[in-house]
Every structure is written in C-alpha cells, then in structure tokens.
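In: Next come a sequence and a model predicted from it.
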Amino acid sequence: MSSAAAVDVEERRIFAMGGGGFTMEPNNPLLDDFVLGLSPVKEPHVLFLPTASGDTTAQINAFRSRFHDRTCVPEHVSLFRLQDTKRPLAEIVLEADIIYVGGGSMRNLLAIWQAHGLDRLLVEAWEAGTVLAGLSAGAMCWFQGGVTRSSGPPEPISGLGLLEGSLTVHADGWALDDGVGLLFAGRRLERVVSSRPGAGAQRVDAIAGELVRHRLEPELLEGQSHGALGGIDEAVEELRRVQRLRRGMAGGRG
C-alpha cells in the first residue's frame, strides 16, 4: 500500500474470524487463502501482528509456516521487541496490503497498540484500503466492543469501532463458531464463509427489549477435502484409531 489516501468506504475490507486459520487449523489453509484473495494486489504484502499473544514465537512460526511458500510477501512486527525493527512502524503498517492480527488478550492488545500509536495507524491503513483481518481478539478489536477474559470473569471491552456492534457479546452483535469468518465491505456485511462443515454464525439484535437471533448460513470454502483434519481433531482421531487397534488385539488374545 504505497499511498495513505482514503478510498471509498465500500472498498474497505475487514475479515473477522471466530477462530481457525494458521494458529488453529495447521492442515486447513482455506481461511488464510481466502484472506490472501481479498487483496487486489497480485503478490500482497501481508503484515502479521501477534500482539495479543505477547508476540509468542509459536504464533510467529505458525504464520511463517503458512505464508512462506504462498504468493505474498509475509512480515511480522513484534511490539515487545520493537528495537529489532529496522524501519519506522508507520512505514511498515501503511505499506502493507493485508494486516492480519492474531488472537490472545484483547485488553493487552489495545493497551499496547495505544502506547505505540498503532491503533491510529490501523485506522489510517483501513481508510486507505488496506485489508484488515484477524481471529478471536484480533477480530473483536475492529468492532465497537467485545468480551474479554483478560482479568478473569468475562466482561465487555471497547474496540476500535471500525465496525458497528460487537463480536461475541450476545446482544446487538455477532457470534461466530471456530472456522467461520465475516467479510465486511465498509461497514456492510458482504460474505459469511467457513472452513468447516456445520459451523455457523449468528446476528443478535435487541429490539423492543427482546433479543432477536438470526442464524447465518456460511458459504463453505472450496480448495481441499472438507474431511481433512487438523490440530486437536486430528489428534483425537488418532487416539480413536489406536484404541480400536488395542480392542482388536485384546479380542484376538481372548
């Protein structure tokens, strides 16, 4: 993104995911490939912000593993180790075509962003047409509010306010299963997509004192076998397979 000039509001894209992507589905790249396809640039510059996790090495390595062999230029910024960054933060952020925010603590993410002025830079990038994406805390932050457990019990917290309503708060907001993402054009919902069969989303509104829930049926993303397993699902299936083998061996000895 070579220019910070504002673009028409309907050309601004935010993709909010309940969960999934490279940090949760190592063998399922559908959501991450969808993110790459949102940029009109042939080889987009993808900037990863792992702030919400405390810039953990695990998240950074997972990002590199997913994007290093794709048609893009991946980069990450660690605000906890900003002294290792060779370019000004504003330059890095405003040159990105896609900014991808990882999950973790929304409260800590916002506090650290504000301390570095990154919250203002992200708004400027969005207004210039940079695609914003994220999951969990990295998705809630774009809305007017979300729910955080950073201090223990769940409690509401204000976000950047680029999108109206809240994510995960079950009134006047959105609720997403893991693997589901909402794509916004400006502030208008454009698409609901999923990398997992059976996963869903809801829009919840408070109308005349009543909660009105509207289920949204996601569009199942194509690109690989929908039966493919990853992460915890794969581990559970392997344990089941071993248990079946053990039962068969025990039956043979009997």
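Out: That came in fine, so what should we check first? In this text, all values refer to a predicted model and were calculated from it rather than measured experimentally. Numbers count the residues shown, from 1 in each chain.
In: Show residues contacting the strand or helix carrying Leu132.
Out: Using DSSP states H and E, Leu132 falls within strand 131-135. Residues from elsewhere that reach strand 131-135, judged by Cβ atoms under 8 Å, 6 or more residues apart in numbering: 13-21, 23-24, 35, 38-39, 44, 97-103, 122, 125-126, 141-142, 162. Glycine gets a C-beta too; all of them are placed from N, C-alpha and C.
In: Same question for stretch 137-146.
Out: 14, 16-18, 49, 52, 100-106, 109-110, 132, 134, 147-148, 156-169, 173-174, 176.
In: Just the ones of those in strands?
Out: Per DSSP state E, strands hold the following members of the contacts of stretch 137-146: 14, 16-17, 49, 100-101, 132, 134, 147-148, 156-158, 163-167, 173-174, 176.
In: Now, of these, which are buried?
Out: Neighbour-count burial (16 or more other Cβ atoms under 10 Å) is assigned, among the ones in strands among the contacts of stretch 137-146, to 14, 16-17, 49, 100-101, 132, 134, 147-148, 157, 163, 165-167, 173-174, 176.
In: mean confidence score for the helix or strand that Asp32 is a member of?
Out: In the assignment (DSSP H and E), Asp32 maps to helix 30-37. Throughout helix 30-37, pLDDT has a mean value of 96.
In: Figure out how far it is from the centre of its chain.
Out: 11 Å (Cα atoms, centre = their mean, to the nearest Å).
In: Same question for stretch 53-68.
Out: Chain-centre distance of stretch 53-68: 13 Å, with Cα atoms, centre = their mean.
In: in it, what counts as buried?
Out: Ser53, Asp55, Thr56, Gln59, Ile60, Ala62, Phe63, Arg66, Phe67.
In: doesn't Pro74 make contact with the last one?
Out: In other words, Phe67. Yes - here Phe67 reaches Pro74: they are 4.0 Å apart, a contact under Cβ atoms under 8 Å.
In: Find the residues that touch each one of those two.
Out: With Cβ under 8 Å, 6+ apart, Phe67 and Pro74 have common neighbours Val46.
In: who's the closest residue to Leu49 other than its chain neighbours bridged to?
Out: Excluding its sequence neighbours, the residue lying closest to Leu49 (Cβ to Cβ, 6 or more residues apart in numbering) is Val101, at 4.8 Å. With DSSP bridges as the criterion, Val101 is bridged to Leu49, Gly134.
In: related to what we said a few turns ago, and the direction of the strand holding Leu132 versus that of helix 30-37, what angle?
Out: Angle, strand 131-135 to helix 30-37, by axes from the mean of the first three to the mean of the last three Cα atoms, to 10 degrees: 170 degrees.
In: Could you give the separation of strand 131-135 from the chain centroid?
Out: Put simply, strand 131-135 sits 5 Å off its chain's centre (Cα atoms, centre = their mean).
In: Quick check: mean pLDDT of the next helix or strand after that strand?
Out: As assigned by DSSP H and E, the chain's next helix or strand after strand 131-135 is helix 137-140. For helix 137-140, the mean pLDDT works out to 93.
In: again, but for stretch 13-20
Out: For stretch 13-20, mean pLDDT is 92.
In: what does that stretch contact?
Out: For stretch 13-20, the surrounding residues in contact (Cβ under 8 Å, 6+ apart) are 28, 31, 34-35, 38, 103, 126, 131-136, 139-140, 142-143, 162-163, 167-168, 174-185, 195-196, 201.
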